[in-house]
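Participant: With the input below, show me the fold.
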Amino acid sequence: MLEEHFFQCPYCWQQISMLLDFSGGSQSYVEDCEVCCNPITVSYEAEDGALISFAAEALQQ
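Facilitator: Model (predicted):
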């Protein structure tokens with residue numbers, strides 16, 4: 001089950017969206033911002049098809 005989720009980029013502060021897969025439970029991965037192309041660490045938890053928690057942070061290097 002994919003759902004669109006809107007959030008603010010931790011680099012350019014623009015409102016962006018990503019498709020999240022709620023069927024996988026907890027997930028964490030790196031995806032580039034569609035506006036500034038910087039890498040964002042996306043972490044979220046879903047349960048019963050609902051988003052429980054979400055975090056989008058600048059990639060720590």
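Participant: buried ones in stretch 21-40?
Facilitator: 22, 33, 40 (16 or more other CB atoms under 10 Å). (Glycine included, C-beta is placed from N, CA and C.)
Participant: The residue nearest to residue 52 when sequence neighbours are not counted and residue 5: what is the separation?
Facilitator: With CB to CB, 6 or more residues apart in numbering as the criterion, residue 52 has its nearest non-adjacent residue at 4.4 Å, and that residue is residue 45. Between residue 45 and residue 5 the distance is 12 Å, computed by CB to CB, to the nearest Å.
Participant: Spatially central residue in this structure, please.
Facilitator: residue 42 (4.0 Å; CA atoms, centre = their mean).
Participant: so what's that one up against?
Facilitator: Contact analysis of residue 42 by CB atoms under 8 Å, 6 or more residues apart in numbering lists 18, 27-31, 54-56.
Participant: returning to that earlier point: now do the shared contacts for residue 45 and residue 5.
Facilitator: Common neighbours of residue 45 and residue 5 (criterion: CB under 8 Å, 6+ apart): residue 51.
Participant: Which helix or strand contains the residue nearest to the centre of the chain?
Facilitator: strand 39-47 (DSSP states H and E).
Participant: Count the residues that sit near residue 44.
Facilitator: 21 (other CB atoms under 10 Å).
Participant: hang on, the earlier thing: test my guess that the residue nearest to residue 52 contacts residue 28.
Facilitator: No. Using CB atoms under 8 Å, residue 45 is not in contact with residue 28, being 9.5 Å away.
Participant: For the residue nearest to the centre of the chain, which residues count as its bridge partners?
Facilitator: Beta-bridge pairing for residue 42 (DSSP bridges): residue 29, residue 56.
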